[in-house]
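*Asks:* below are the sequence and a predicted model for it; my questions follow.
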Amino acid sequence: MSPTTLPAGPEHGHVTFLGAGPGDPGLLTLRAVEALTNADVLVAGHEVLDVVRGHARSGVAVVNTDTESPSAPVPGTGAPQLTVVDGTSTTAPAPAVRDAAHLVMEAARGGRRVVRAVSGDPGLDAYAAEEMLACARAGVPFEVVPGVAAAVGVPAYAGVPLRDAQGADVRFVDARTASDRCWTEVGASDGTVVVSTTLDTVGAVAGELVAAGRKPDTPMTVTVAGTTTRQRTWTATLGTIAQTLKQAKVLPSPEGGRPVIAVVGERSSAAQRDQLSWFENKPLFGWKVLVPRTKEQAASLSDQLRSYGAVPHEVPTIAVEPPRTPQQMERAVKGLVTGRYEWIAFTSVNAVKAVREKFEEYGLDARAFAGIKVAAVGEQTAKALIAFGVKPDLVPSGEQSAAGLLEDWPPYDPVFDPIDRVFLPRADIATETLVAGLIELGWEVDDVTAYRTVRASPPPAETREAIKGGGFDAVLFTSSSTVRNLVGIAGKPHNVTVIACIGPATAKTAEEHGLRVDVMAPEPSVHRLAEALADFGLKRRAAAVEAGDPVTRPSERRPGARRRRSTT
């Protein structure tokens with residue numbers, strides 16, 4: 001699509017200075033999300049963009065302040081032109097104006113709604129304050145949406161309380177700008193000190209505090225990548241923190257300049273952190289979990305994995321294509337309108353999508369389902385129907401499968417059922433379980449191929465190497481086809497990767513491919529499968545703690561020999 005300029009409007013737009021918090025997108029406020037969904041232009045550094053971009057609307061122009069690739073000025077204006085390069089969203093070239101305040105005002109030109117997102121809280125960002133003053137001088141209206149400050153949010157995620165019942169003093173120090181007088185004051189205090197610093201200067205900060213009067217045995221915690229699944233916290237004292245980081249092999253390091261939050265005081269003691277470290281103690285904290293499904297299919301499953309602290313990585317193993325001969329599907333959809341069917345049964349989200357697309361092709365909508373009973377095989381399929389405007393009449397009360405659907409399906413009754421026919425749109429490789437069960441219940445079934453499933457294209461080389469090389473901590477197999485297709489397009493998962501299967505048939509297929517199954521869902525549900533993996537991770541963590549071993553992820557252990565499939 002050729003570049004198109006953003007819509008014009010009044011000379012001055014509006015700027016929202018927005019606090020993106022310390023890193024966890026879940027800490028964005030409701031007001032922040034509202035501002036992002038209404039923005040025409042989003043201005044932020046790349047790390048902040050990762051947090052906020054998912055809430056921006058389609059078509060927003062994204063300006064990365066870390067990029068220095070000036071674009072040519074628009075003729076006659078002397079100012080760069082921000083453009084939308086495609087129909088979704090893009091990173092527009094950084095304007096030639098290097099000053100961030102001018103950048104924001106140029107983005108607001110033409111009546112555009114600009115969101116200037118900064119890490120933490122705008123009120124604690126000196127550069128944001130300068131940009132606000134520049135907007136005020138130029139007559140550009142602006143507002144401020146506060147965010148969770150890193151100095152408060154990170155200790156909370158690290159399990160480090162900043163105050164106790166006695167209400168001790170809390171001081172916040174930015175080590176980059178702290179004066180000698182500042183160090184002297186916090187050194188003379190016995191309250192808690194929260195220091196914003198970098199990984200390579202933690203030792204120097206500890207030295208400053210000791211020199212200012214703090215005792216070397218004062219507890220100190222240091223947290224890097226706080227509130228994200230990369231978070232890591234070290235506990236030591238002012239006198240031992242440098243040695244602790246050295247033993248952990250984090251100093252010296254190319255990443256030594258990474259920002260950290262250090263907390264100094266009695267409230268950061270190891271004893272309290274053992275009890276209060278809720279975030280890093282999640283059952284799958286930091287686990288990189290491979291989910292062999294598309295992002296649309298895996299949405300709720302990935303959210304569930306994130307709630308356990310995992311980092312889901314979706315890799316589609318099948319692709320959905322239209323049927324080779326569409327006439328059968330076309331006749332069935334016309335039959336829906338003419339009253340041929342008593343029921344329509346959806347066994348997947350893809351089936352809902354196929355029927356919906358055919359409806360749109362004919363200019364139909366959800367009203368075409370009037371007078372027809374609708375069944376959905378499970379919660380996800382039901383949600384897809386509701387999004388289409390159709391509330392299903394039947395969803396299995398027990399197992400979410402064809403067998404579970406049959407258990408609740410009523411037998412055909414010629415007295416109460418004026419029509420004896422069921423429309424079943426499904427995949428070309430679907431099993432005959434549902435068809436046979438419905439016929440046994442007295443129904444006639446139009447078993448229609450609504451879509452074809454084919455093996456997906458191989459994932460990127462980086463993902464394939466991670467699968468074969470042990471870069472993933474676990475993989476969730478939700479069907480036998482996901483096992484076969486993943487191995488076919490990406491190779492066999494490494495022996496350290498935890499293999500989790502949705503049921504016995506899937507587990508058998510995994511074993512046939514030389515994989516040892518570590519986890520199996522107690523019932524065939526993707527959410528119960530995720531629960532089972534979380535339970536496995538929790539037990540694994542508890543065993544390490546009980547044995548006095550460090551808690552590690554499966555990918556952090558590299559045994560010399562490949563584990564063999566169990567024969568017992």
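*Replies:* Happy to help now that I have it. A quick note: this is a predicted structure, and the numbers were derived from the prediction, not measured.
*Asks:* show the contacting residues for residue 228.
*Replies:* Contact analysis of residue 228 by CB atoms under 8 Å, 6 or more residues apart in numbering lists 23, 24. Every residue, glycine included, has its C-beta placed from N, CA and C.
*Asks:* which SS class is it?
*Replies:* coil (DSSP: H, G, I helix; E, B strand; the rest coil).
*Asks:* could I get the pLDDT score of it?
*Replies:* Model confidence at residue 228, given as pLDDT, is 93.
*Asks:* now residue 221
*Replies:* The model's pLDDT for residue 221 equals 94.
*Asks:* next: the one 3 residues further on.
*Replies:* For residue 224, the pLDDT comes out at 94.
*Asks:* in the sheet, who's paired with the residue nearest to it when sequence neighbours are not counted?
*Replies:* Leaving aside its sequence neighbours, residue 224 sits nearest to residue 260 (CB to CB, 6 or more residues apart in numbering; 4.8 Å). Taking DSSP bridges as the rule, residue 260 bridges to residue 197, residue 224.
*Asks:* what's residue 260 in contact with, if anything?
*Replies:* Contacts of residue 260 (CB under 8 Å, 6+ apart): 196, 197, 198, 199, 202, 222, 223, 224, 226.
*Asks:* ok, residues contacting the lengthiest strand in the chain?
*Replies:* Across the chain, the longest stretch assigned as strand under DSSP state E is strand 444-455. The contact list for strand 444-455, computed with CB under 8 Å, 6+ apart, reads 317-324, 328-329, 332, 335, 340-341, 350-351, 353-355, 420-429, 435, 438-439, 481, 485, 488-489.
*Asks:* off-centre distance for it?
*Replies:* Remark: strand 444-455 is offset 32 Å from the chain centroid, using CA atoms, centre = their mean, to the nearest Å.
*Asks:* please export the C-alpha coordinates of it as PDB.
*Replies:* Extracted as PDB, the C-alpha positions of strand 444-455 are listed here (Å, rounded to 0.1, in the frame of the first residue of the first chain):
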ATOM      1  CA  GLU A 444     -29.800 -37.100   9.400                       C
ATOM      2  CA  VAL A 445     -26.400 -35.400   9.000                       C
ATOM      3  CA  ASP A 446     -25.100 -33.200   6.200                       C
ATOM      4  CA  ASP A 447     -21.300 -33.700   6.800                       C
ATOM      5  CA  VAL A 448     -19.800 -30.800   4.900                       C
ATOM      6  CA  THR A 449     -16.100 -29.900   4.400                       C
ATOM      7  CA  ALA A 450     -16.000 -26.300   5.400                       C
ATOM      8  CA  TYR A 451     -12.200 -26.000   5.300                       C
ATOM      9  CA  ARG A 452      -9.000 -28.000   4.700                       C
ATOM     10  CA  THR A 453      -6.200 -28.300   7.100                       C
ATOM     11  CA  VAL A 454      -2.700 -28.500   5.600                       C
ATOM     12  CA  ARG A 455       0.800 -28.500   7.200                       C
END
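*Asks:* following it, which helix or strand comes up?
*Replies:* helix 461-469 (DSSP states H and E).
*Asks:* separation between residue 461 and residue 468?
*Replies:* 11 Å (CB to CB, to the nearest Å).
*Asks:* returning to what we had before: filter the contacts of residue 260 down to the buried ones.
*Replies:* 196, 197, 198, 199, 202, 222, 223, 224, 226 (16 or more other CB atoms under 10 Å).
*Asks:* let's have the residues you listed in CSV, adding distance to residue 455.
*Replies:* Below are the buried ones among the contacts of residue 260 laid out as CSV (distance: CB to CB, whole Å):
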residue, distance to residue 455
196, 50
197, 50
198, 47
199, 44
202, 50
222, 47
223, 43
224, 41
226, 41
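*Asks:* which one of the residues you listed is nearest to residue 110?
*Replies:* Residue 110 has its nearest neighbour among these in residue 196, at 36.8 Å by CB to CB.
*Asks:* the closest one reaches residue 226, doesn't it?
*Replies:* No - using CB atoms under 8 Å, residue 196 is not in contact with residue 226; the gap is 10.7 Å.
*Asks:* shared neighbours of these two, anything?
*Replies:* 150, 260, 261.
*Asks:* I'd say the first one and residue 24 touch.
*Replies:* Think residue 150. No - the criterion here is CB under 8 Å, and residue 150 misses it with residue 24 at 10.7 Å.
*Asks:* the two: which is more packed in?
*Replies:* Ranked by neighbour count (other CB atoms under 10 Å), residue 150 and residue 24 place residue 150 first, with 23 against 19.
*Asks:* got the contact list for the more buried one?
*Replies:* 21, 22, 23, 119, 120, 196, 226, 259, 261.
*Asks:* for the fifth one, which residues are in contact?
*Replies:* Read that as residue 120. Per CB under 8 Å, 6+ apart, neighbours of residue 120: 19, 20, 21, 22, 147, 148, 149, 150, 151, 153.
*Asks:* so the second one versus residue 51, what's the distance?
*Replies:* Residue 20 sits 5 Å away from residue 51, going by CB to CB.
*Asks:* and those two? Which one has more around it.
*Replies:* residue 20 (29 against 24).
*Asks:* could you measure from that one over to residue 342?
*Replies:* Residue 20 is 53 Å from residue 342, by CB to CB.
*Asks:* show me what the longest helix along the chain is packed against.
*Replies:* The longest helix of the chain (DSSP state H) is helix 526-547. Contacts defined by 3 or more CB pairs under 8 Å, 6 or more residues apart in numbering; DSSP states H and E place helix 526-547 against helix 295-307, strand 474-477, strand 498-501, strand 519-520.
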